[in-house]
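Enquirer: I'll drop the sequence and a predicted model, then ask my questions.
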Amino acid sequence: MSTEVLDRPPPATLLAKGPTQPESAVEIIKKASRGLRGTLVESLADPLTGAIRESDTQLIKFHGSYMQDDRDIRAEREHQKLEPAYSFMIRTRLPGGVVTPKQWLALSKIARTWGVGSLRLTTRQAFQLHGVIKKHVKQTMQAMNAVLIDSISACGDVNRNVMASANPVESQLHAEVHELAKKVSEHLKPRTRAYHEIWLDGEKLVGPAEDEPLYGPVYLPRKFKTGIVVPPHNDVDVFSQDLGFIAILDEQNRAVLGFNLTVGGGLGASHGEPNTFPRVADVIGFLKPEQIFKVAETVLMIQRDYGDRSDRKHARLKYTIADRGVDWFKRELYQRLGFELEPPRAFKFTTQGDRFGWLKGHDGNWHLTLRIESGRVTDRPGAPFLTGLEKIAAVHKGDFRLTPNQNLIIANVPPSELMTIDRLVADHGLAKSLNTSPVRRDALACVALPTCALAMAESERYLPAFVDRVDELLVKHGLRDLPLTVRITGCPNGCARPYLAEIALIGRAPGRYTLRLGGDAVGSRLNVIYRDNIDEPAIVTALDELIARYAAERQADERFGDFLWRVQVLAPGTRA
Amino acid sequence: MSGGVVIQGHFPIPEERRDQLQQLTTELSREQLMWLSGYFAGAAAAAPSSIPAFQSNLLGGAQARAQLQAAGAPAQVAPIATAAAAVAAPSLTIISASHTGNGRKISEKLLAAVQALGVQARMVKAGDYQPREIAKEKLLYIVISTHGDGDPPDEARGLYEFLGTKRAPQLPDLQYSVLALGDTSYPKFCEAGRIVDERLAKLGAKRLLPRVDCDVDFEKLAQTWSDDALARVREIKDKFTPAGGAAAFAAAPVAAAAPAVVELRREQPATAEVLANQRIVGRGALREVRHVELAFPGLGNLYKPGDALGIVHRNPDSAIDAVLKATKLDGGVAVTQDGKTHTLLEWLRDERELTRIARPLLVSVAKQAQVDIGELLGNADAMAKLTASCQVSDVLASYPADWTPEALVSALRPVHGRVYSIASSPAAVGDEAHLTVAIVGSDTDRKLLAGAASNFVVNTAVDSNVQVWIERNERFRVPADGARDIVMVGPGTGVAPFRGFLQEREAAGATGRNWLFFGGRSLYHDFLYQLEWQQALKRKALHRVDVAFSRDQAEKIYVQHRIRQAGKDLFAWLSNGAYFYVCGDASAMAPDVHAALLDVVREHGGMDADDAQSWVADLTADGRYLRDVY
């Protein structure tokens, strides 16, 4: 089957990797799910629990939701003879991260009504609502649908939210790339009507589940991430995507000539399991804009047919390519496409972060990029972000853009409205974060505790304190305002893309992290483990020593991550 | 009673009939035997006799006695002194109707005193009394308590309601008196006793003694009433036995030896160790509920699921201090009252109610302060507000007066021990007893009223000791037949006994199904024992749970709504012999559930309102509709 071009998915029985490897439990659940329906309706109707059935916890991901519980009170609840405080995280599908003011207002209201009063901007340009209890999930989905936002495929073993560079300045380019992101998202969207049936009271399916021409009956072996990036800003971290498109522009940087295809990026890993690792994507070749859909679906289908369905920790496209080789992948791809891609064109990335503050676009409108720490839009004393952005949305005539760095762009502000928006921004403390240190401005953290089931250590709640430590060290060594990318995750699955940061902490246990160093600040080089499983004092001691040396020995414009490699603090062959 | 009646001596009944009779009387209770004696006497009156002596003297029961009375002739005791034949119709009947057992104790004591006079008397628990029997009564004493919102005890509901219906017979020949037990801290003090008293009067019966209403410190008044009641019996007896001959009343049979019941009474509590004391509602709960586990060796032999456990509590220092401050008294002074001497502080800490305000207390305080509070006492709303929001110290502070320690101790009500339905079965927990305690005053809207007993529970640490007693509730038991299905309606802490029921039934291997209706404010915070029910469902020890969480949606949903929704299945279960239990709030929940049950029977049984009423009445009469409401 490896040499045959498959227009249709092969039978599910052929999809298991080998005769000796049994398919994983999730595969069995998907197979029996009737197009991702499972017993979700029954689970939602069970009045004795705030949870859904275990098999449905896998399926609800495909609908954009995770069942979680408040881990801070898990033990307390057990002592109270109560089940865990279950709630649901709902993540939107929002290709390129653009919403209208009307949509913003609706989401904000939903967060206040059914969530915990916060909107979280994710590292994939989506919104996350946290703390929605079971009986409100449906209402929440319907309220989102009322402003044309859904959460289909925001999680699960499918193509996730399609990312696109936020591009505050290049207005025309942004519009073009955003449109493409939406189309790719639609193209790779599952065909099942389960979402409409379960959440939007759509017509009930009678008979067999809908045909899934791209995915087949068991969807992908694992999640699948797609991003479109416009150089020189690698805000999308394109090398972390399963499927990436690097826009190649004309001489004037005004028009998209085509894209370099990247495949096989991915950041998740498991502690102590050497067959799992983060991987930077390979650049395969150049394609024309009109070829993007065919290429995208073909890459997806190769992964569908060859991905590992027995071990979910080894099931991303990156392992398929690492195991079989890039050359194999190219052959398979070209065979299925029926044509070959041109050699990749030259491109250059200069940054990974966002361009903050007011910027004037090519079309004359203004764009304000605001720093939102950990993407958390909520009302805090002195920082009423949720309220402030509601007031802005009420008068704003342009749109809002979520950046891949958890930040927010108030985009397309006509010059006449600039002062109005600026006043509201200042009045609600939203401008303050722009004046913080570069470390704090560019840092990323995943949610982790208390809601994420995977977290081993704090992340979002620890970020402010850890950035304080780093800033103190920089000041101590005369490096105030040094740009430095710092990312924290509560577990090794990589939601805040820590493996591409100059300094990263990856949670191992409460208060203990793996310290990784040596990212290149443009997202094309993985960092490596410097110290494993250490606490904050040990982290600070290690960084103190290295930053001191960097202050003394660095070259002009040399980044901290690059310095560590040059002086061989980090050496090739260090464990990724 | 277990052995049956021993038939001996010369006997006018053929031997094979005698065996049948002996067999018939086996396993019958004393009350049932007495009833049978009346039955046989009645039968004898209707049948021609071949023995002359029987013709005149053993007409049987009321009829015979009425004739004797009319003739003014001394009654003659039949020469045959064998038990079965000699026991004529009962002459004095004492009906005892109370939840707590206080009424039963008073009745038993009075019964013994009456029998000591050589007068035939019987005591019947209201639950064992057939309401229509009342037509045959000539002399009747009723001891009846009041619960919740002026309700009679469950066991007396049949009689209570019967007396109010058109079916109730006229009772011109009946002489009676009612002793009412109650609690002045409730608005409808002694309501059930008052209504029974009035209904009997309306049916033409004559009060032999005026009704006496007792507060929680009932002992003195109850004794006075009993003494008077006994005196009346003696007068009647003397009236009909002028020559000191045979009594107007049939001679009392030899009293059966009381069964050796091991009881823990409040007056003689036992010491239990606190094994656990934990909050079992979530952070968002508006009212705190705690799960308490107590134990001492042998405790498991002293209770059954359905019983309640009382905890002797101590008033908190803050409440004592507030009273001493308001009265400007010294806690160290010795005070003697009712033959007991303690320091004032001890009286206030261990012996007197400092939380609930009752009408007599207000009267005493006003009298001491020389203030006229007649208007307040007449205003039900103001009274309700006062009792809901004030403690004793607030009242004392509001009406400053010169108090002597003695006057204060006398004015305050004796402490009213709090009892809690036991939430466990010895079959599952051995010598432990578990309680589910709602903490009074933990509601945000009732901060002021910190319930002394429940707050004592909150502050009782694990490993410390408390004094406990048991209040038995024989009427609230799992079915003797484990194959019967049961339906349990227990919102809030009303679910407590059902946790015990489930443990009991599971341990006994009962094959009947168990169905629980639970209600609370929210699924997330107030689903008491949620994990246990979920696990029981999984292992099929529990078969169905219907829940109503009142604040989880715009409209308030309570257990009665779920009962109506599940009406079809519920009616099927009940028609199939299921027991229907209700535990919890008496003022709103129990009547609402009752109304829902009537609706279910009407709708799914295809009956009109009257038939549904009768159907449910039969359920009650069958002993399959059982309530523990308060």
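Expert: Right, received. Where do you want to start?
Enquirer: In terms of helices and strands, where is the residue of the stretch 451-576 of chain A found nearest chain B?
Expert: Nearest residue of the stretch 451-576 of chain A to chain B: A:Thr451, at 15.0 Å (Cβ to the nearest Cβ). For every residue, glycine as well, the C-beta is placed using N, CA and C. Using DSSP states H and E, A:Thr451 falls within no helix or strand.
Enquirer: count of residues packed around it?
Expert: Residues near A:Thr451, counting by other Cβ atoms under 10 Å in any protein chain shown, number 22.
Enquirer: give me phi/psi at the residue nearest to it when sequence neighbours are not counted?
Expert: For A:Thr451, ignoring the flanking residues on the chain, the nearest one in space by Cβ to Cβ, 6 or more residues apart in numbering or on different chains is A:Gln68 at 4.4 Å. Dihedral pair for A:Gln68: phi -130, psi 180, per degrees, to the nearest 10.
Enquirer: Just give the number of residues close to A:Gln68.
Expert: 22.
Enquirer: That one touches A:Ala453, doesn't it?
Expert: Yes - contact criterion Cβ atoms under 8 Å: A:Gln68 and A:Ala453 qualify, at 5.9 Å.
Enquirer: ok now do the residue nearest to A:Thr451, which residues does it touch?
Expert: Applying Cβ atoms under 8 Å, 6 or more residues apart in numbering or on different chains to A:Gln68 gives the contacts A:86-89, A:130, A:451-453.
Enquirer: Give me the distance between it and chain B.
Expert: The gap separating A:Gln68 from chain B is 14 Å, by Cβ to the nearest Cβ, to the nearest Å.
Enquirer: and that residue, bridged to which residues?
Expert: A:Ser87 (DSSP bridges).
Enquirer: Would you pull up the residue in the stretch 351-500 of chain A closest to chain B?
Expert: A:Pro450 (13.0 Å).
Enquirer: Which residue comes closest to that residue once chain neighbours are left out?
Expert: Looking at A:Pro450 with Cβ to Cβ, 6+ apart, the closest residue is A:Asp72, at 4.1 Å.
Enquirer: Could you list every helix and strand in contact with the helix or strand hosting B:Met383?
Expert: Assigned by DSSP H and E, B:Met383 belongs to helix B:380-389. Using 3 or more Cβ pairs under 8 Å, 6 or more residues apart in numbering or on different chains; DSSP states H and E, the elements in contact with helix B:380-389 are helix B:374-378.
Enquirer: for the helix it packs on, packing partners?
Expert: Helix B:374-378 packs on helix B:359-369, helix B:380-389, going by 3+ Cβ pairs under 8 Å, 6+ apart.
Enquirer: List the buried residues in that helix.
Expert: Buried residues in helix B:374-378, counted by 16 or more other Cβ atoms under 10 Å in any protein chain shown: none are found.
Enquirer: what's the spacing between it and its chain's center?
Expert: Its chain's C-alpha centre and that of helix B:374-378 lie 31 Å apart, by Cα atoms, centre = their mean, to the nearest Å.
Enquirer: next one: stretch A:491-507
Expert: Using Cα atoms, centre = their mean, the offset of stretch A:491-507 from its chain centre is 12 Å.
Enquirer: now swap in stretch B:290-301 and tell me
Expert: 23 Å.
Enquirer: Next: stretch B:456-473.
Expert: 22 Å.
Enquirer: need the contact list for B:Pro169.
Expert: B:Pro169 neighbours (Cβ under 8 Å, 6+ apart): B:132, B:134-135, B:203.
Enquirer: 6 Å - rerun?
Expert: B:Ala135 (Cβ atoms under 6 Å, 6 or more residues apart in numbering or on different chains).
Enquirer: secondary structure class for it?
Expert: coil (DSSP: H, G, I helix; E, B strand; the rest coil).
Enquirer: And the residue of the stretch 301-450 of chain B closest to chain A?
Expert: Closest point on the stretch 301-450 of chain B to chain A, by Cβ to the nearest Cβ, is B:Thr436, at 10.3 Å.
Enquirer: of all the contacts of A:Gln68, which comes closest to A:Leu40?
Expert: A:Phe88 (11.7 Å; Cβ to Cβ).
Enquirer: how many neighbours does residue 211 have?
Expert: Assuming you mean chain A. For A:Asp211, using other Cβ under 10 Å, the count is 14.
Enquirer: meant chain B, my bad for not saying
Expert: If we define neighbours as other Cβ under 10 Å, then B:Arg211 has 21 of them.
Enquirer: Which secondary structure state does B:Val274 sit in?
Expert: Assignment for B:Val274 (three-state DSSP): strand.
Enquirer: Next: A:Arg508.
Expert: On the basis of three-state DSSP, A:Arg508 is classed as strand.
Enquirer: In terms of pLDDT, where does the nearest residue to it once chain neighbours are set aside sit?
Expert: Closest residue in space to A:Arg508, ignoring its immediate chain neighbours: A:Asn533 at 4.7 Å, by Cβ to Cβ, 6+ apart. For A:Asn533, the model assigns a pLDDT of 92.
Enquirer: ok, now the one 4 residues further on?
Expert: The score at A:Pro537 is 97. That number is its pLDDT.
Enquirer: tell me which element A:Arg516 is part of?
Expert: Using DSSP H and E, the element containing A:Arg516 is strand A:512-517.
Enquirer: Report the strands that pair with that strand, each with its relative direction.
Expert: With DSSP bridges as the test, strand A:512-517 pairs up with strand A:503-509 (antiparallel), strand A:528-534 (antiparallel).
Enquirer: Going by neighbour count, which residues in stretch B:619-630 are buried?
Expert: B:619-620, B:624-630.
Enquirer: which residues in the stretch 501-630 of chain B form strands?
Expert: B:514-520, B:544-549, B:579-584, B:625-629 (DSSP state E, counting those that start in this stretch).
Enquirer: Could you list the paired strands of the shortest one along with their orientation?
Expert: Spelled out, it's strand B:625-629. With DSSP bridges as the test, strand B:625-629 is paired with strand B:579-584 (parallel).
Enquirer: Sketch out the low-pLDDT regions of chain A for me.
Expert: A:1-20, A:573-576 (pLDDT under 70).
Enquirer: Also the stretch 451-600 of chain B?
Expert: Checking the stretch 451-600 of chain B against pLDDT under 70 turns up B:451-453.
Enquirer: Contact residues of it facing chain A?
Expert: B:529-531, B:545, B:547 (Cβ under 6 Å from any Cβ of the partner chain).
Enquirer: Try it again at 7 Å.
Expert: Contacts of the stretch 451-600 of chain B with chain A, taken as Cβ under 7 Å from any Cβ of the partner chain, map to B:523-524, B:527, B:529-532, B:534, B:545, B:547, B:552.
Enquirer: By neighbour count, which of those residues wins?
Expert: Highest neighbour count within those: B:Phe527, with 30 neighbours (other Cβ under 10 Å).
Enquirer: Surely that residue and B:Gly520 touch.
Expert: Yes - contact criterion Cβ atoms under 7 Å: B:Phe527 and B:Gly520 qualify, at 6.0 Å.
Enquirer: before we move on, the earlier item: keep only those of the residues of the stretch 451-600 of chain B next to chain A that are in helices.
Expert: Using DSSP state H, B:523-524, B:530-532, B:534 are the members of these that sit in helices.
Enquirer: Any idea how many residues pack against A:Pro414?
Expert: Residues lying near A:Pro414 (other Cβ under 10 Å) number 12.
Enquirer: Could you dump the strands of the stretch 501-630 of chain B into JSON lines with distance to B:Thr100 added?
Expert: Below are the strands of the stretch 501-630 of chain B laid out as JSON lines (distance: least, Cβ to Cβ, whole Å):
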{"stretch": "strand B:514-520", "distance to B:Thr100": "26"}
{"stretch": "strand B:544-549", "distance to B:Thr100": "30"}
{"stretch": "strand B:579-584", "distance to B:Thr100": "16"}
{"stretch": "strand B:625-629", "distance to B:Thr100": "12"}
